[in-house]
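In: The following block contains a protein sequence and its predicted model.
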Amino acid sequence: IPDEIEDPATARNGYGSIRRISSTTSSQTIKPKPPSAARAIAPDLLRGLLMVFMSLDHNAMALHSWPHGTAVDGENDSGPVQEWNRPLALTMRLLTHLCAPGFTFLLGMGVVYFGRSRTNLGWSAGQMVRHFAVRAVVLTMVSVAMGLIMSGGKIWFFNIVLFALAVDYLLAGLLWMAVARTEKGLGYLLLKVLPRAGDEGREPLLSERRGEDRLDIAPDRAIIRAADVSWHIHNALLLGLAAVAIWWNVWLSPTGGHCGVEPRWDKPESVWIQIWFWPVMGSMTDRVVSGFPPMAWLSFAILGLLYGRVVLARSWSTKAINVANAAAGAAFSLVFVLTRLFHFGNLSEGCLHMPEHVAHPEGNQYLASVASFFYLVKYPPDVAFWSLTMGVNFFLLALFGSIPPAAAKRVFHVLLVYGTSALFFYVAHIFLLFFTGSWMVALVGHTLDSKDPWTGAPGTGVDQVWAIFANLGLGLAILYPSCRWYGAFKRTKGPDSLWRFF
């Protein structure tokens, strides 16, 4: 959620840690063209849209409208489900599935923008570490404070996403620093070992230089090639690490994501160990409630790091970025389809027991209905959740990036306001929606068939569609001028101010 994404124009060099040298002189660095405005606007538009989607979910929780999930008591690792949520609730929940992955992805991307900006300003490694650590502590303190306030002091540790973002922000920052250092070291090593002659004068990783007839590689070209090879190797390592970081959610499942089987092993008894990899889901009477274990969500931040590196590698055209975003969306979507067809990467195998599944017990449970196909496990996220949500987020980036900047600022101004004051929006919308929701429940609430999501008792809530959207609309209307005010306020602060972090 933090929106510390610096202007990409601050990235003066190609992303490789070894500076890229021009082909005409070794004393000048290549100066890319200023990036298009769409590169800065699209992430903010996406973040703003995700804020609205998130509000849909939290608004329904504030009104106690229906069970929290696409299925009643669903979305948990190896959790059997027998009943779908109502269609409106299911649709809203699918939209809100995009939020946590998108926030964490954009957070990782922001680390790269911020890190490159501060590196160009001459920040030391110690200053970088302090910056990431302080902000991780601030996010954690905000999360704890929100839990104490919302539970009346009953919950001492309340993690409904901020703690995960705090840890992943710190880890992403440290990983970015480590990659920058090792990339430079590997580049120098490759400069010594890569052949300088007899390779047909080609540099296969630099497509714009193909077709040049040379018998030797000049020293400056050798530096460029070594930097590019090191850059590509580190990108491949980041992609592999992102894959491992999502797959370990499946590997660490006691049942391997299968219902009806005996656990292969038991989770650690200590809650303070569990919170790092597994959800700790309790009621409002428990001292620790943590639905977002930070290590389970780290993969999304690593993908953001990789994405930021690629975007800042050179001055890509807007069209190239949009095509690449769409291609990435298609690739992730394909992975999702394969998880459904070939039963891998799911934490819900054999867990769907709705009428359509009972009628066809031998069939593929994910192909029994549209709802089945899109049923995802979020606690913790499995590979199916990871691939579908990232695919849609990339498609949205491509969509927003294709809109002319002037039109985007005019038509989607509200989303830009929300997206550039994201952490402020998050904290404010929780308290605002629950406050207005309590009044709405008192005015038009009635006894519901579902249980209260906080206490488990028969609930009183609001399930009238008009009232649900009235409360949401009121909240968003109040948040718009509030976020505009906060945006103006934080712009008066220094670039390293904690107020800007909000």
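Out: Now that the structure is in, tell me what you want to look at. Numbers count the residues shown, from 1 in each chain.
In: Lowest mean pLDDT among the helices and strands, pick that one out for the protein.
Out: helix 498-501 (a mean of 76; mean pLDDT, DSSP states H and E).
In: what sits up against that one?
Out: Under the contact criterion Cβ atoms under 8 Å, 6 or more residues apart in numbering, helix 498-501 has outside partners Pro2, Glu4, Val134, Arg135, Val138, Leu423, Phe489, Lys490, Lys493, Gly494. In this view, the C-beta of every residue, glycine as well, is placed from N, C-alpha and C.
In: Report how many residues lie close to Gly122.
Out: Using other Cβ atoms under 10 Å, Gly122 is surrounded by 7 other residues.
In: Looking at the contacts of helix 498-501, which are in helices?
Out: Counted as lying in helices by DSSP state H, out of those, are Val134, Arg135, Val138, Leu423, Phe489, Lys490.
In: Now the two most distant members of these.
Out: Farthest pair in the ones in helices among the contacts of helix 498-501 (Cβ to Cβ) is Val134 and Phe489. Separation: 20.0 Å.
In: Put the alpha carbons of stretch 158-171 into PDB.
Out: In PDB, the C-alpha atoms belonging to stretch 158-171 read as follows (Å, rounded to 0.1, in the frame of the first residue of the first chain):
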ATOM      1  CA  PHE A 158      -3.700  -7.800  14.500                       C
ATOM      2  CA  ASN A 159      -2.400  -8.500  11.000                       C
ATOM      3  CA  ILE A 160      -5.000  -8.000   8.300                       C
ATOM      4  CA  VAL A 161      -2.300  -7.100   5.800                       C
ATOM      5  CA  LEU A 162      -0.100  -4.300   7.100                       C
ATOM      6  CA  PHE A 163       2.400  -6.500   9.000                       C
ATOM      7  CA  ALA A 164       2.800  -8.600   5.900                       C
ATOM      8  CA  LEU A 165       3.500  -5.500   3.900                       C
ATOM      9  CA  ALA A 166       5.900  -4.200   6.500                       C
ATOM     10  CA  VAL A 167       8.000  -7.400   6.500                       C
ATOM     11  CA  ASP A 168       7.900  -7.800   2.700                       C
ATOM     12  CA  TYR A 169       8.900  -4.100   2.300                       C
ATOM     13  CA  LEU A 170      11.900  -4.700   4.400                       C
ATOM     14  CA  LEU A 171      12.900  -7.900   2.800                       C
END
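In: Specify the local secondary structure of the closest residue to Gly115 other than its chain neighbours.
Out: Nearest residue to Gly115, sequence neighbours excluded (Cβ to Cβ, 6 or more residues apart in numbering): Trp176, at 5.1 Å. Following DSSP: H, G, I helix; E, B strand; the rest coil, Trp176 is assigned to helix.
In: again with the one 4 residues further on
Out: Under three-state DSSP, the three-state class of Ala180 is helix.
In: Please look at it and Arg116 and confirm they touch.
Out: No. When contacts are counted by Cβ atoms under 8 Å, Ala180 is not listed as touching Arg116 (9.1 Å).
In: And the pLDDT for Thr455?
Out: Looking at Thr455, its pLDDT is 65.
In: Most neighbours among the contacts of helix 498-501, which one is it?
Out: Pro2 (23 neighbours).
In: Tell me the predicted confidence for that one.
Out: So, for Pro2, pLDDT stands at 58.
In: next one: Ser36
Out: 42.
In: Same check on the one 10 residues further on?
Out: In the predicted model, Leu46 carries a pLDDT score of 98.
In: Also the one 4 residues further on?
Out: Here the pLDDT value assigned to Leu50 is 98.
In: for it, what are its contacts?
Out: Leu98, Cys99, Gly102, Phe103.
In: how about the residues you listed in TSV, adding pLDDT and distance to His64?
Out: Converted to TSV, the contacts of Leu50 look like this (pLDDT from 0 to 100; distance: Cβ to Cβ, whole Å):
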residue	pLDDT	distance to His64
Leu98	98	23
Cys99	98	20
Gly102	98	26
Phe103	98	25
